[in-house]
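> sharing a sequence plus its predicted fold:
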Amino acid sequence: MGKLQEQLDKFQDNAGAAYQEIMDTLEYKYCWKCPMRSTSTNSHCREIHSMKVLQEALDQGIREKLGETGVSSVLLESLILRTTQKRFKKQGGSAREKTIIMDVSPQNLDLDPETQLMVKINPRKIREGERIMIPCESLESSVLGVCALMMGFPFRVTVVERFFHKNNFWYVEVENEKIFPLESILGVLIKVIRKDQPEGS
């Protein structure tokens, strides 16, 4: 691991230098004309924006390099999501399958706001014919399904047509032959519950 660690140390130094350069560029080229400048020391908007664009540049660089090798878009998303899962696990997080009950958000216009959803999150297996929740639109960057659900991303419900394993990853196929990595699924919709429905009904 000696050579690898040397490369990582070098990259870390370069990333730190790039971060500072972005901070300086924002300060001297943009921040001076921002109406929030007087409160920037409290809001830390420059630090946050610098970190955001640097992370996006790294992600995009990796995407482009993998794309050059012929990796498909769905496999690329699977690789990114698996990497994210490993980072969460390293920090003590778990991705256990569990069932939750959640309210319907107003942004999900095709669902009745007077209902709640019984949802299985972090599903390990999905059966054909089950109803699943997927993002309404393609996301600019890959997000773990359970994270997208908790952050309130709008979703739609669709029916699973095929669940299959390929190249060490599980995938879900829905209508129009659209394929999603298992990790990107927001959840499996078990039941729709009316808020005035008695428990056990």
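Looks like it came in fine.

> shaky segments in this protein?
Where the chain drops to pLDDT under 70, the residues are 1, 37-41, 109, 138-141, 197-201.

> tell me where it has helices.
Taking DSSP state H, the helices of the chain run over residues 2-25, 40-43, 45-68, 73-90, 145-150.

> just say which of those is most tucked in.
Across the helices of the chain, averaging neighbours per residue (mean count of other C-beta atoms under 10 Å) puts helix 145-150 on top, at a mean of 19. Every residue, glycine included, has its C-beta placed from N, CA and C.

> got the domain ranges for the protein?
Segmentation of the chain into domains, based on automatic domain parsing, reads 2-70, 98-194.

> so how far is E64 from the residue nearest the centre of the chain?
Taking C-alpha atoms, centre = their mean, the centroid of the chain lies closest to V143, which sits 0.9 Å from it. Going from V143 to E64 by C-beta to C-beta, to the nearest Å gives 19 Å.

> Y171 too?
Distance from Y171 to E64, by C-beta to C-beta: 23 Å.

> can you check T84 too?
T84 is 19 Å from E64, by C-beta to C-beta.

> okay, now K29: neighbour count?
K29 has 9 neighbouring residues, counting by other C-beta atoms under 10 Å.

> which residues touch it?
By C-beta atoms under 8 Å, 6 or more residues apart in numbering, no residues touch K29.

> burial measure for K120, as a count.
So K120, with other C-beta under 10 Å, has 18 neighbours.

> now the one 4 residues further on
Here the count is done by other C-beta under 10 Å, and R124 has 10 residues near it.

> show me the contacts for the nearest residue to it once chain neighbours are set aside.
Distances taken as C-beta to C-beta, 6 or more residues apart in numbering place E97 nearest to R124, at 5.3 Å, with adjacent residues excluded. Contact analysis of E97 by C-beta under 8 Å, 6+ apart lists K120, I121, N122, P123, R124.

> cool, thanks, signing off.
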